[in-house]
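Chemist: build me a model:
(chains A and B)
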Amino acid sequence: MHGYFGGYALVGLLGLVGVGFVVVGLGVNRLLRPWKLTPEKLLTYESGVDPVGEGWAQTQVRYYVYAFLYVVFAVDAVFLFPWATVFALPGFGGLSLAEMFVFLGFLAVGLLYAWKKDVLAWV
Amino acid sequence: MRLIQSIDYAAIAPPVALGLTAVVVLVADLFLPPARRALATVISLAGSLVALGFAAWLPTQDARHTLCFPGGACSYAADHFTAFFQLLFLGALVVVLLLSLTSVAEESLPTGEFHFLLLSSVTGMLVLAASRDLLSLLVALEVVSLPAFVLVGLRRGDPRGSEAALKFFLFSVVSTGLTVYGMALVYGVTGTLQVDGIAAALAPVHAAGGAKSSLAAAAVVLVVVGFAFKVSAVPFHFWAPDTYQGAPVPVAAFLSTASKAAGFAGMLVLLLEAFRPYADVWGPVIAVLAALTMTVGNLVALRQWHIVRLLAWSTVAQAGYMLVPLGIATTAGGRGAAELHTAVQATLAYLGIYVVMNLGAFACVAAVVRHSPRAGVEDFRGLARRSPVLAVCFALFLTALAGLPPGVAGLFAKLVILRAAVHGHVAWLAVIAAANAVIGLAYYLRVAALLFDLSSDSAAAPAVSGPLVARRSRTVWAAVAVTALGTVALSVDPQLLLHAASTAAASLRHSVAP
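Modeler: So this is what the prediction gives:
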């Protein structure tokens, strides 16, 4: 277990132990447990409630667009915080103040686009 | 002490003008009634012409460098090389805008989004050509690619379009991943992201040899592979035919010209500036890629029945011709400054002529077919009877792509690359290029001959896809006319382009502010 590749051998060994643990655990369980199937048991388990309809169901992704908009403004905040700590220090000047508002202006265009496309209305 | 970078706004005027136009188009489209949607094209054209004006004005000045670092290296260079590519991109954009007016209306593509994405992509190209550090290059490359994926899949409810977009996306993501990996290794070896700094740091590494040099060589090859995807060089070309076929015709025209040229812009900056010390490594790689690309592209094009797929394979083959001059770095004699200058000049000249003639060919296809998924080569049989002018123009572009008179521009382009290859002592590559030019004749001339096949009556033509007639669209005709005039002008006076390519190639060697 020495040298450059020794560390990798250790990782590989740990992986083997992990796989062995799962295989032995499940295998022993399989051998020891009783095996009596009923239609009730073959149903899909849904927290105790009998499943209704098919597994292939369509769901409406109404949170999707909101998630997108959230990401836009979260990224915006990532840039705003470091900027807020330094923009008033000597050496930065009014230009760095203006630059941030240019950036915010571009983000506002995105919001304007979402608003005009009726994305912000809850459907 | 000033902590903020000073920016030379004149130098970055072309991308800024185009980027702002993109935003204006998007917002204007939101507030315009559907009947006035054509205004988006007008605004986009106006913005492109303003950007074109700036790009044409910049080379009349001294080279400008901006976004500089304290050491003197600059991330953005507005020199002749940049100007050459920016004018090429903006010219292609104008033609694509003319082509897309009817497509957008007929295929009910979202107008504002289409123009916004197109202009955004070209803005990325304008920055890409001027970038002189790895991060700027990478960000610009992504700005070029991301809108392009959406443009390809913009036709709603069309499974072929979605498939095309997905293939394009996956291939491009993998290629960008390889490029980033290569760039990370380059940074690891050299400790700098600046193109000039990399060249300076790589020279001693190469001279010293050993493990570090091997690592740098692997990095160089990885970066080359990433850009080979972009220019659709074999064996990284698989996305091209499916993507072009599934995309709206103007988008296919855009991808096959401007987008390919953008790949070459990035590749040339990296190979000739940053990786110059490793020319003995990338030289053979490029030479083999060139030979494979030409041969595979031409051979597969021989068996295509779909006009856009045929042109797609032809653009693959054409990318191979453009790589040929760079292959001269294989031999020690080809790695001299003068030889490499000639090589870059040849690639740029070929690229310039290729963009004009290929845009023309796609414009002719757009003038005849509405939907690219059903446009067989056979449908063009006897086009001369239905529209003689269009048939003559299409024949001009096809012969130019083949490199035959009357498309003398294409012949000239082929001669330039062969001359560069012979001067660089890679005769085998020149022989392969010449053989491929002959193979290319077969399929280009087959289509050109079909156009004038008046013997069979139109009833004999396959009626599977319905009668294809030339569209009465002034803007598409304008696009055909512009590209035809361009091809004729380049046929009459190719020296103009060769001179521009020579100045552009010359400015590639010093991008540090004095």
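Chemist: tell me which element B:Val234 is part of?
Modeler: Using DSSP states H and E, B:Val234 sits within no helix or strand.
Chemist: return the residues in contact with it.
Modeler: B:Leu289, B:Leu292, B:Thr293, B:Thr295, B:Val296, B:Gly297, B:Val316, B:Gly320 (CB atoms under 8 Å, 6 or more residues apart in numbering or on different chains). The way it works is simple: take the backbone N, C-alpha and C, and place the C-beta from them, glycine included.
Chemist: and the gap between the nearest residue to the second one once chain neighbours are set aside and B:Leu450?
Modeler: Among residues not flanking B:Leu292 along the chain, B:Val234 sits closest, at 4.4 Å (CB to CB, 6 or more residues apart in numbering or on different chains). Remark: distance between B:Val234 and B:Leu450 (CB to CB, to the nearest Å) = 27 Å.
Chemist: before we move on, what about B:Gln345?
Modeler: 36 Å.
Chemist: which of those two has more neighbours?
Modeler: B:Gln345 (22 against 19; other CB atoms under 10 Å in any protein chain shown).
Chemist: could you point out which element follows the helix or strand containing that one?
Modeler: Assigned by DSSP H and E, B:Gln345 belongs to helix B:337-368. Next helix or strand after helix B:337-368 toward the C-terminus (DSSP H and E): helix B:383-386.
Chemist: which other helices and strands contact the next helix or strand after that following helix?
Modeler: Counting by DSSP H and E, the next helix or strand C-terminal to helix B:383-386 is helix B:388-402. Under the contact definition 3 or more CB pairs under 8 Å, 6 or more residues apart in numbering or on different chains; DSSP states H and E, helix B:388-402 sits against helix B:337-368, helix B:383-386, helix B:408-423, helix B:427-451, helix B:474-492.
Chemist: tell me which residues in the first one are buried?
Modeler: Neighbour-count burial for helix B:337-368, counted by 16 or more other CB atoms under 10 Å in any protein chain shown, picks out B:339-368.
Chemist: so who does the residue of chain A most remote from its centre touch?
Modeler: Going by CA atoms, centre = their mean, the residue of chain A most distant from its centre is A:Pro90, 40.2 Å out. Counting by CB under 8 Å, 6+ apart, A:Pro90 makes contact with nothing.
Chemist: ok, now B:Ala201?
Modeler: For B:Ala201, counting by CB under 8 Å, 6+ apart, the contacting residues are B:Val189, B:Thr190, B:Gly191, B:Thr192.
Chemist: can you flag which of these belong to helices?
Modeler: B:Val189, B:Thr190 (DSSP state H).
Chemist: make JSON lines from the contacts of B:Ala201 and add pLDDT, neighbour count and distance to chain A to it.
Modeler: Listed next are the contacts of B:Ala201 as JSON lines, based on pLDDT from 0 to 100; neighbours: other CB atoms under 10 Å in any protein chain shown; distance: CB to the nearest CB, whole Å:
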{"residue": "B:Val189", "pLDDT": "94", "neighbour count": "20", "distance to chain A": "20"}
{"residue": "B:Thr190", "pLDDT": "93", "neighbour count": "20", "distance to chain A": "24"}
{"residue": "B:Gly191", "pLDDT": "92", "neighbour count": "10", "distance to chain A": "23"}
{"residue": "B:Thr192", "pLDDT": "92", "neighbour count": "20", "distance to chain A": "24"}
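Chemist: distance between the helix holding B:Gln345 and the chain's centre?
Modeler: Taking CA atoms, centre = their mean, to the nearest Å, the mean C-alpha location of helix B:337-368 is offset from the chain mean by 8 Å.
Chemist: which helices and strands does it pack with?
Modeler: Looks like helix B:337-368 contacts helix B:80-106, helix B:249-254, helix B:260-268, helix B:307-323, helix B:388-402, helix B:408-423, helix B:474-492, helix B:494-506 (3+ CB pairs under 8 Å, 6+ apart).
Chemist: mind giving me the packing neighbours of the last one?
Modeler: If you count contacts as 3+ CB pairs under 8 Å, 6+ apart, helix B:494-506 packs onto helix B:80-106, helix B:337-368, helix B:408-423, helix B:474-492.
Chemist: how does it look with 7 Å?
Modeler: helix B:80-106, helix B:337-368 (3 or more CB pairs under 7 Å, 6 or more residues apart in numbering or on different chains; DSSP states H and E).
Chemist: ok, the third one next?
Modeler: Using 3+ CB pairs under 7 Å, 6+ apart as the contact definition, the elements that helix B:260-268 packs against are helix B:80-106, helix B:111-130, helix B:134-152, helix B:211-230, helix B:307-323, helix B:337-368.
Chemist: by how many degrees do the longest one and helix B:474-492 diverge?
Modeler: So the one you mean is helix B:337-368. Here the directions of helix B:337-368 and helix B:474-492 differ by 150 degrees (axes from the mean of the first three to the mean of the last three CA atoms, to 10 degrees).
Chemist: just the third one next, same as before
Modeler: Our comparison of helix B:134-152 with helix B:474-492, counting by the same axes, to 10 degrees, yields an angle of 130 degrees.
Chemist: what's the mean pLDDT across helix B:134-152?
Modeler: Mean pLDDT, helix B:134-152: 94.
Chemist: pull out the buried positions in it.
Modeler: So helix B:134-152, judged by 16+ other CB under 10 Å, has buried residues B:134, B:136-138, B:140-141, B:143-152.
Chemist: just the CA trace of stretch B:311-327, in PDB.
Modeler: Taking C-alpha atoms only, stretch B:311-327 is exported to PDB below (Å, rounded to 0.1, in the frame of the first residue of the first chain):
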ATOM      1  CA  LEU B 311     -24.600  20.300 -49.100                       C
ATOM      2  CA  ALA B 312     -23.900  19.300 -45.500                       C
ATOM      3  CA  TRP B 313     -21.400  16.600 -46.500                       C
ATOM      4  CA  SER B 314     -19.900  19.100 -49.000                       C
ATOM      5  CA  THR B 315     -19.300  21.600 -46.100                       C
ATOM      6  CA  VAL B 316     -17.600  18.800 -44.200                       C
ATOM      7  CA  ALA B 317     -15.300  18.300 -47.200                       C
ATOM      8  CA  GLN B 318     -14.700  22.000 -47.600                       C
ATOM      9  CA  ALA B 319     -13.600  22.200 -43.900                       C
ATOM     10  CA  GLY B 320     -11.000  19.700 -44.900                       C
ATOM     11  CA  TYR B 321      -9.600  21.900 -47.700                       C
ATOM     12  CA  MET B 322      -9.400  24.800 -45.200                       C
ATOM     13  CA  LEU B 323      -7.400  22.700 -42.800                       C
ATOM     14  CA  VAL B 324      -4.900  21.600 -45.500                       C
ATOM     15  CA  PRO B 325      -2.600  24.800 -45.400                       C
ATOM     16  CA  LEU B 326      -2.300  24.400 -41.600                       C
ATOM     17  CA  GLY B 327      -1.000  20.800 -42.200                       C
END
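Chemist: coming back round to it: put together TSV for the helices and strands packed on helix B:260-268, with distance to A:Phe21 on each row.
Modeler: Shown next, in TSV, are these (distance: least, CB to CB, whole Å):
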stretch	distance to A:Phe21
helix B:80-106	58
helix B:111-130	50
helix B:134-152	43
helix B:211-230	38
helix B:307-323	52
helix B:337-368	59
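Chemist: now stretch B:46-65: how far from the chain's centre is it?
Modeler: 20 Å.
Chemist: outside of it, which residues touch it?
Modeler: B:8, B:10-11, B:13-14, B:17-18, B:21, B:74, B:76-80, B:83, B:86-87, B:90, B:93-94, B:97, B:119, B:507, B:511, B:513 (CB atoms under 7 Å, 6 or more residues apart in numbering or on different chains).
Chemist: off-centre distance for the helix or strand bottoming out on mean pLDDT in chain B?
Modeler: None of the helices or strands of chain B scores lower by mean pLDDT, DSSP states H and E than helix B:383-386, at a mean of 84. Relative to the chain's own centre, helix B:383-386 is displaced by 31 Å; criterion: CA atoms, centre = their mean.
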